[in-house]
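Student: Below are the sequence and a predicted model for it; my questions follow.
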Protein chains: 4
Amino acid sequence: MPDSIDDLRARVNDFVEQRDWVQFHSPKNLAMAMIVEAAEVVEHFQWMTEADSRQLDQATKEQVGHELADTFVYLMRIAEVCGIDLIAAANAKIDLNAQKYPVDKCKGSNAKYTDYQ
Amino acid sequence: MPDSIDDLRARVNDFVEQRDWVQFHSPKNLAMAMIVEAAEVVEHFQWMTEADSRQLDQATKEQVGHELADTFVYLMRIAEVCGIDLIAAANAKIDLNAQKYPVDKCKGSNAKYTDYQ
Amino acid sequence: MPDSIDDLRARVNDFVEQRDWVQFHSPKNLAMAMIVEAAEVVEHFQWMTEADSRQLDQATKEQVGHELADTFVYLMRIAEVCGIDLIAAANAKIDLNAQKYPVDKCKGSNAKYTDYQ
Amino acid sequence: MPDSIDDLRARVNDFVEQRDWVQFHSPKNLAMAMIVEAAEVVEHFQWMTEADSRQLDQATKEQVGHELADTFVYLMRIAEVCGIDLIAAANAKIDLNAQKYPVDKCKGSNAKYTDYQ
């Protein structure tokens, strides 16, 4: 079982190639597929209180795990077909967010960064 | 710069804790934040042809990378607060998908698995 | 100012035709545009408590109105280009929902209809 | 069968009140429910070419109609609980869009309005 993101990405790519699905995997289509899976995550929580969403029973947790996994797989596929290094992109974005959201200005606040500027 | 998903997850968690944002990070809220970021990926492609989406210019590729990064960060946070191991969940889901989509039945087809059963 | 949904739909169609945008308005593209606008509605509420979302200040209410309007416009456009009568479709779906969710079984419950069957 | 948007909105409100569901219909929850339904519209088109999405068979057209109807119902509910007049909001937004997208500057172009300014 692959246990790093690189192994996982390779496994996903093999899965897609074995089924000859690369032809359908344009970034446009993959972005649609990803948001559909993200919505299946949202669906689990739509009528739940925030408090209840923090203490999921085992069955719901497993289902949420499946939907997160599907979202993650499409996210990796978009990165793959666009030639984006996901880990590097995430690190670069966190660097930007650290500038947009300085600790001393936004600690404990849920305001959008445009409110600080 | 962290270069594994574990390092990245730790960096994201630190970022959130330093800003005292754990209080806002219920799975319900994070699912909303994740789909908002996924929609920002979709927005880049909504008026683009599939063909054009396969050959992004450098500026668009960088912007798509930022939106993918934001989606990924919230995905990791949902996994974190729900106690889900994202890599393990993805591997388990790919195992399931391999059963739902056997190579010999779905090669080159974009039909939904329910059409095979 | 048009005040019925038919007048509004006609106004939207004129707007699109005057700009020669029909060429971009495939159902596929419009579905993407609609969910992007729906996400802008979600964005207003992502860090808000449910209680706070029930008592919006005037500025937020106006912004939510803009995002709802954009979502509605794309919804009407999808119906238009697919040849779907939106009011009739909504009435037909409510008829179905009334069967899926009988009053005596689901009063005061937020369970999904599959839990009743 | 109600045939105006006002009749439809009243029918939807009755449906919700009879089931004692007003308690779940915070704007936050409804925004989540709306985007989940919007994603079900997107799902129909995710692997389809734009050309195919323009010529749906009767069965798909009916299913798309159901998902559009669900999206529309939640859209009306958000407007209702936020005290927003949906038709007025749409007209106001089209007025704004007419300024953002003047016919002479954007005819036949799918560029975003920020590119004109």
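Tutor: Received the coordinates, thanks.
Student: show me the contacts for A:Asp70.
Tutor: Shown in contact with A:Asp70 (C-beta atoms under 8 Å, 6 or more residues apart in numbering or on different chains): A:37, A:40, B:93. C-betas here are computed from N, CA, C, even on glycine.
Student: how about the nearest residue to the closest residue to chain D within chain A, chain neighbours excluded?
Tutor: Across chain A, the shortest distance to chain D (C-beta to the nearest C-beta) belongs to A:Ala39, at 3.3 Å. Nearest residue to A:Ala39 in three dimensions, chain neighbours excluded: D:Ala39, at 3.3 Å (C-beta to C-beta, 6 or more residues apart in numbering or on different chains).
Student: what comes up buried for stretch A:41-55?
Tutor: In terms of neighbour count (16 or more other C-beta atoms under 10 Å in any protein chain shown), stretch A:41-55 has its buried residues at A:41-50, A:53.
Student: among the residues you listed, which two are most distant?
Tutor: A:Val41 and A:Thr49 (16.8 Å; C-beta to C-beta).
Student: any idea how far B:Ala111 is from the most centrally placed residue in chain A?
Tutor: Nearest residue to the geometric centre of chain A (C-alpha atoms, centre = their mean): A:Phe72, 5.0 Å. Distance, A:Phe72 to B:Ala111, by C-beta to C-beta, to the nearest Å: 23 Å.
Student: before we move on, what about A:Val42?
Tutor: 26 Å.
Student: For the helix or strand harbouring A:Ala33, C-alpha coordinates in CSV please.
Tutor: Assigned by DSSP states H and E, A:Ala33 falls within helix A:27-45. Extracted in CSV, the C-alpha atoms of helix A:27-45 (Å, rounded to 0.1, in the frame of the first residue of the first chain):
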residue,chain,number,x,y,z
PRO,A,27,-8.6,20.3,-16.3
LYS,A,28,-12.1,21.6,-17.1
ASN,A,29,-13.7,18.2,-16.5
LEU,A,30,-11.6,17.4,-13.5
ALA,A,31,-12.5,20.7,-11.8
MET,A,32,-16.2,19.8,-12.3
ALA,A,33,-15.6,16.3,-10.9
MET,A,34,-13.7,17.7,-7.9
ILE,A,35,-16.4,20.1,-6.9
VAL,A,36,-19.0,17.4,-7.2
GLU,A,37,-17.0,15.3,-4.7
ALA,A,38,-16.5,18.3,-2.5
ALA,A,39,-20.3,18.8,-2.5
GLU,A,40,-20.7,15.2,-1.2
VAL,A,41,-18.5,16.2,1.8
VAL,A,42,-20.8,19.2,2.3
GLU,A,43,-23.9,17.1,2.0
HIS,A,44,-22.9,15.2,5.2
PHE,A,45,-22.9,18.4,7.2
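Student: can you tell me if the next helix or strand after that helix touches chain D.
Tutor: Counting by DSSP H and E, the element after helix A:27-45 in chain order, helix or strand, is helix A:50-53. No. Judged by C-beta under 8 Å from any C-beta of the partner chain, helix A:50-53 makes no contact with chain D; its nearest approach is 9.2 Å.
Student: and A:Met48, what is it in contact with?
Tutor: B:Lys28.
Student: 10 Å - rerun?
Tutor: For A:Met48, the contact set (C-beta atoms under 10 Å, 6 or more residues apart in numbering or on different chains) comprises A:54, A:56, A:60, B:26-28, B:31, C:110, D:24, D:29, D:32.
Student: Now do the closest residue to A:Val16 other than its chain neighbours: how many residues are near it, please.
Tutor: Spatially, and ignoring its direct neighbours in sequence, A:Val16 is nearest to A:Val22 (6.0 Å; C-beta to C-beta, 6+ apart). For A:Val22, the count of nearby residues is 13 (other C-beta atoms under 10 Å in any protein chain shown).
Student: Let me see the confidence value for the nearest residue to A:Ile5 once chain neighbours are set aside.
Tutor: Counting by C-beta to C-beta, 6+ apart, A:Ile5 lies nearest to B:Ile5, which is 4.5 Å off, once chain neighbours are set aside. Listed pLDDT for B:Ile5 reads 91.
Student: ok, B:Ile5 touching B:Val73?
Tutor: No. The pair formed by B:Ile5 and B:Val73 falls short of the contact definition of C-beta atoms under 10 Å, at 11.6 Å.
Student: So which of these two has more stuff around it?
Tutor: Set B:Ile5 next to B:Val73 and count neighbours by other C-beta under 10 Å: B:Val73 wins out with 23 against 20.
Student: show me the residues around the residue lying closest to the more buried one once chain neighbours are set aside that make contact.
Tutor: Nearest non-adjacent residue to B:Val73, counting by C-beta to C-beta, 6+ apart: B:Val12, 5.5 Å away. B:Val12 makes contact with A:90-91, A:94, A:97, B:2, B:72-74, B:76-77, B:80 under the criterion C-beta under 10 Å, 6+ apart.
Student: how close does A:Ala88 get to B:Glu40?
Tutor: Taking C-beta to C-beta, one finds A:Ala88 at 19 Å from B:Glu40.
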